[in-house]
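In: Need coordinates for the following:
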Amino acid sequence: MAALQASSLSVSSSSSSSSSGCSSKRTITASIQIPKPSKLSLADHPSAAITKKLVEQLRTRNGYALAEPLQMDVARKDRVLEPRRSPPSSAETTTKLYAILEAVEDRVELHDNIGEQRDNWNKLLLNSVNMMTLTATTTAAMAAAAPAPSLTACSALLFTATTGMSLVMSKIQPSQLAEEQRNASRLFKQLRSEIKSMLALQSPTETDVKETMEKVLALDRAYPLALLGKMIEKFPAKFEPAVWWRRVSGNHRHSRGRKTFTNTEQNGWSEELEVEMRAIVQVLKSKDRKDYLRLGNLALKLNKMLAVSGPLLTAIAAASSAFGGSTATTVAAIAGATAAIANSFEHGGQVGMVVEMYRNCAGFFELMEETIEATLQERDYSKRENGEMFEMKVAMKLGRSLSQLRDLARKSTASCIQGTEVDEFGSKLF
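Out: You can find the predicted model right below:
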């Protein structure tokens, strides 16, 4: 680029006239000055210095200046464009959580398959026992009408086999086993959803991995698959709620991840909300859990009675058939018919399944109580789950809207002040 400058332009003209002639003279002088190019050597300056030098010349050339200096920091540009890498520990933690997720998926499939198998056991064994009992009863009745050694032997043999099968069914309670596997499958699916949400919404930590593993092991202990040795006691001395969660102190029982923070210092919590949650806990303790413990005790006593009466009646029928005679075979026929009724009511009515259902429901309310109490015991609001989110979850678990939940809390508070009892249960689901 060259700048053309005219430094001087002079024109001289002289004319003289005389009487004898004329002469003219004209002189034109032009001067052009071109600025010398700057001496730039790539060898003398690094690339950043050369760029800066050119920018400065552009700013001062021809009397104008750029509004802002152009800068190019090559080193900074390289740093910005460098890809950011996740810390190795975070990647390892995520891999561990995916491995636990695979194990949970396998548990879900396993409990589904075994639950279906044990439900088939209940149907097949019940049909077999009833058919054998009714056949033996019919044979005993025929032997009473027309005595015959063959009929007596057949009825005695059938009653004896029925007694053994009834004892096995009463011991393992196939309908209760199937309900246990259904509950375990549902809880493992719930845990699977929690893990997927954790992977999608936050960066898992080693603490999350440890707590998730403890939850899996707690479910394994609560719902074992083995029939011998580790099977849940079907006829305990005292009816107790099911426990499938880690029992830890209140300082550590708070939701990790999926926290929704607000701009307030108390993370969505207020004194009114804490009072409301305490009132809900009081209703769950005094109404829901208490009622399911009462119903569970009644169902357990009924199941014990039926579990004893079925095999006992078939044993009496087998002994009566073995003695022979008209009176004995008549007693055998009556005992056999009564045993068929007892077995049908126990296993066909799935009384064991009802016991497990009540046990699981009582455990559900106990878990809710522990969760709410542990959350309220946490004094650091930043470690709590957001108050509005927590209230919504409690309402959904109880099958209520937020307004219905607050109405229930007001009734509970009023009942405590007046010394009366709340006229409704906390849960509207079951």
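In: Beyond the lengthiest helix in the chain, next helix or strand please.
Out: In terms of residue count, the longest helix belonging to the chain (DSSP state H) is helix 88-145. Following helix 88-145 in sequence order, the next helix or strand is helix 149-172 (DSSP states H and E).
In: Test my guess that F365 contacts S427.
Out: Yes - between F365 and S427 a contact is recorded at 7.4 Å, counting by C-beta atoms under 8 Å. The way it works is simple: take the backbone N, C-alpha and C, and place the C-beta from them, glycine included.
In: For the residue nearest to K96 when sequence neighbours are not counted, which residues are in contact?
Out: With C-beta to C-beta, 6 or more residues apart in numbering as the measure, V209 is the residue that lies nearest to K96, at 4.9 Å, once sequence neighbours are left out. Residues in contact with V209, defined by C-beta atoms under 8 Å, 6 or more residues apart in numbering, are 93, 96-97, 100.
In: and what of T338?
Out: T338 neighbours (C-beta under 8 Å, 6+ apart): L313.
In: returning to what we had before: among F365 and S427, which residue is more densely surrounded?
Out: F365 (26 against 19; other C-beta atoms under 10 Å).
In: Next one: the residue nearest to K96 from Y292, what distance?
Out: V209 is 34 Å from Y292, where distance means C-beta to C-beta, to the nearest Å.
In: What of L367?
Out: L367 is 13 Å from Y292, by C-beta to C-beta.
In: of those two, who's got more company?
Out: It is Y292, of L367 and Y292, that has more neighbours when counted by other C-beta under 10 Å, with 25 against 16.
In: for the more buried one, helix, strand, or coil?
Out: Secondary structure assignment for Y292 (DSSP: H, G, I helix; E, B strand; the rest coil): helix.
In: circling back: need the residues touching each of F365 and S427.
Out: 284, 288.
In: Helix or strand for the one residue sitting closest to the centre of the chain, just tell me which one.
Out: Nearest residue to the geometric centre of the chain (C-alpha atoms, centre = their mean): E194, 2.9 Å. Secondary structure from DSSP H and E places E194 in helix 174-201.
In: Name the nearest residue to L429, sequence neighbours excluded.
Out: Spatial nearest neighbour of L429, chain neighbours left out: G399 (4.0 Å); criterion: C-beta to C-beta, 6+ apart.
In: repeat for V168
Out: Nearest one to V168, counting by C-beta to C-beta, 6+ apart, is L125 at 7.7 Å.
In: Burial check on that neighbour, number of neighbours?
Out: Neighbour count of L125, defined by other C-beta under 10 Å: 18.
In: State the distance from it to I316.
Out: Going from L125 to I316 by C-beta to C-beta gives 21 Å.
In: try L177
Out: Computed as C-beta to C-beta, the L177 to I316 distance reads 28 Å.
In: Against V308, how distant is T314?
Out: Counting by C-beta to C-beta, the gap from T314 to V308 is 12 Å.
In: ditto for Q173
Out: With C-beta to C-beta as the criterion, Q173 and V308 are 13 Å apart.
In: Which one's more surrounded, the two?
Out: Neighbours were counted for Q173 and for V308 using other C-beta under 10 Å; Q173 has more, 27 against 13.
In: State the number of residues packed around the nearest residue to K171 once chain neighbours are set aside.
Out: Once flanking residues are discounted, K171 sits nearest to K234: 7.2 Å by C-beta to C-beta, 6+ apart. Other residues lying near K234 total 18 when counted by other C-beta under 10 Å.
In: and K234, that's in a strand?
Out: No - counting by three-state DSSP, K234 falls outside a strand, being coil.
In: That one against G352, yeah?
Out: Yes - using C-beta under 8 Å, K234 is in contact with G352, at 6.7 Å.
In: residues bridging contact with these two, i.e. touching both?
Out: 173, 176, 303.
In: OK, contacts around A103?
Out: V216.
In: Repeat that for G363.
Out: Counting by C-beta under 8 Å, 6+ apart, the residues that G363 touches are 241-244.
In: name the element it belongs to?
Out: Using DSSP H and E, G363 sits within helix 351-377.
In: and that helix with helix 149-172, angle?
Out: If you take axes from the mean of the first three to the mean of the last three C-alpha atoms, to 10 degrees, helix 351-377 sits at 0 degrees to helix 149-172.
In: any idea how far helix 351-377 is from the chain center?
Out: 16 Å (C-alpha atoms, centre = their mean, to the nearest Å).
In: Then stretch 324-331?
Out: For stretch 324-331, the distance to the chain centre is 61 Å (C-alpha atoms, centre = their mean).
In: And stretch 276-292, by the same measure?
Out: Between the centre of stretch 276-292 and the centre of its chain there are 24 Å (C-alpha atoms, centre = their mean).
In: Show residues contacting it.
Out: For stretch 276-292, using C-beta under 8 Å, 6+ apart, the contacting residues are 241, 358, 361-362, 365-366, 368-369, 372-373, 375-376, 390-391, 394, 398, 405-406, 408-410, 412-413, 416, 421-422, 424-427.
In: and the residues you listed, which are buried?
Out: Among those, those classed as buried by 16 or more other C-beta atoms under 10 Å are 241, 358, 361-362, 365-366, 368-369, 372, 375-376, 390-391, 394, 398, 405-406, 408-409, 412-413, 422, 425-427.
In: Which strands and helices lie in contact with the host helix or strand of L408?
Out: L408 belongs to helix 402-418 when assigned by DSSP H and E. Judged by 3 or more C-beta pairs under 8 Å, 6 or more residues apart in numbering; DSSP states H and E, helix 402-418 is in contact with helix 271-283, helix 387-397.
In: closest to E346 among the shared contacts of K234 and G352?
Out: Nearest to E346 among the shared contacts of K234 and G352, counting by C-beta to C-beta, is N303 at 6.9 Å.
In: what about that closest one, how many neighbours?
Out: 24.
In: which ones are touching it?
Out: N303 sits next to 173, 234-235, 346, 351-352, 355 when contact means C-beta under 8 Å, 6+ apart.
In: pLDDT below threshold where in the stretch 251-400 of the chain?
Out: In the predicted model of the stretch 251-400 of the chain, residues 251-265 satisfy pLDDT under 70.
In: can you rerun that using 50?
Out: For the stretch 251-400 of the chain, the stretches with pLDDT under 50 are 251-264.
In: name the element L295 belongs to?
Out: When elements are assigned from DSSP H and E, L295 belongs to helix 290-323.
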